[in-house]
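*Asks:* Model the structure of this input:
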Amino acid sequence: MRRTDRLFELVQILRDGRLHRAADLARALGGVSIRTIWRDMATLMASGMPIEGERGVGYILRAPTTLPPLMLGAHELDALRAGLRLVAEGADATLARAARSLASKIGAVAPAPADLGRDDIFTLKAQDSNRAMAHLPLLRSAIAAQERLSITYVDLNGLESHRDIRPLALEIDSQIWVLVAWCEARQGFRAFRVDRIMAIIPTGESFAATPGQTLSDYRAMVAAST
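*Replies:* Take a look at the predicted model:
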């Protein structure tokens, strides 16, 4: 079973609202390892799914995460598009990110009209390539597990570098996925465009929150600079 199919099946199992042990989930998915379930649950939790639980206890989905199939007319889509754009361009950064994330999900099943093209909020820009989307599950998992990563990165000038980083958060900036991280080599915060990450190597090494190197510290630095 492919990992994407496995993640989907896990969500379907958890939708009953009951507590499920990792061992039971492993059996339900055809006998995968418990360690695989732990990694998959970390990925789902890092993606924003309202899942609670931990190793040795079990996992439970606290709120519904899917809507029944809907058929939307052209005017309804226009209203939805306008509302999402207002929120995405608003002052609340958290809701703005959520609006862009929701728009990208809708855009996957409701292609934008030809006259709107790449300016439509439902459509991610061309730079946000398939490579970037393929990296997201691994990055979310590493963020949730606080795992160091080694990456190969190519900057806007085409220069390639190899970095050891502490991944902290994924954000969308102008419809482009960005990884916020602490760079070990530069000893500072960096924002890496995910579509310019050529390779990611999990190190298996965890890191602890260090004063001055946390996501809260990054947010405070950004706020001070603006």
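*Asks:* In this structure, mark out all the strands, start to finish.
*Replies:* Here the chain has its strands, by DSSP state E, at 51-54, 58-61, 147-154, 160-173, 176-183, 188-193, 197-206.
*Asks:* For the fifth one, which helices and strands make contact with it?
*Replies:* The one in question is strand 176-183. helix 130-145, strand 160-173, strand 188-193 (3 or more CB pairs under 8 Å, 6 or more residues apart in numbering; DSSP states H and E). To be clear about C-beta, it is placed using only N, CA and C from the backbone, and glycine gets the same treatment.
*Asks:* what about 6 Å?
*Replies:* Contact here means 3 or more CB pairs under 6 Å, 6 or more residues apart in numbering; DSSP states H and E; on that basis strand 176-183 packs against strand 160-173, strand 188-193.
*Asks:* Can you list the buried residues in the first one?
*Replies:* Buried positions in strand 160-173, judged by neighbour count with 16 or more other CB atoms under 10 Å: 163-172.
*Asks:* Keeping just the C-alphas, turn the helix or strand bottoming out on mean pLDDT in the chain into CSV.
*Replies:* Lowest by mean pLDDT, DSSP states H and E among the helices and strands of the chain is helix 93-107, with a mean of 74. Below are the C-alpha coordinates for helix 93-107, written out as CSV (Å, rounded to 0.1, in the frame of the first residue of the first chain):
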residue,chain,number,x,y,z
ALA,A,93,-1.9,35.9,9.6
THR,A,94,-3.2,32.6,11.0
LEU,A,95,-6.5,32.9,9.1
ALA,A,96,-4.8,34.1,6.0
ARG,A,97,-2.6,31.0,5.9
ALA,A,98,-5.7,28.8,6.5
ALA,A,99,-7.5,30.5,3.7
ARG,A,100,-4.7,29.9,1.2
SER,A,101,-4.4,26.3,2.4
LEU,A,102,-8.2,25.8,1.9
ALA,A,103,-8.1,27.5,-1.5
SER,A,104,-5.3,25.1,-2.7
LYS,A,105,-7.5,22.1,-1.6
ILE,A,106,-10.5,23.5,-3.4
GLY,A,107,-8.4,24.3,-6.5
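*Asks:* orientation of that helix relative to helix 130-145 in degrees?
*Replies:* On the basis of axes from the mean of the first three to the mean of the last three CA atoms, to 10 degrees, helix 93-107 is oriented at 130 degrees to helix 130-145.
*Asks:* For helix 93-107, name the packing helices and strands.
*Replies:* Using 3+ CB pairs under 6 Å, 6+ apart: helix 93-107 touches helix 74-88.
*Asks:* by contact count, what packs against the helix it packs on?
*Replies:* helix 93-107.
*Asks:* Now do the helix it packs on and helix 74-88, the angle between them.
*Replies:* Using the same axes, to 10 degrees: helix 93-107 against helix 74-88 is 150 degrees.
*Asks:* Give the buried residues for helix 93-107.
*Replies:* Quick answer for helix 93-107 (16+ other CB under 10 Å): 96-104, 106-107.
*Asks:* Once you drop chain neighbours, what's closest to residue 169?
*Replies:* Nearest residue to residue 169, sequence neighbours excluded (CB to CB, 6 or more residues apart in numbering): residue 180, at 4.5 Å.
*Asks:* What score does the one you found have for pLDDT?
*Replies:* Note on residue 180: pLDDT of 95.
*Asks:* Would you mind confirming that it makes contact with residue 166?
*Replies:* No: judged on CB atoms under 6 Å, residue 180 makes no contact with residue 166 at a distance of 9.9 Å.
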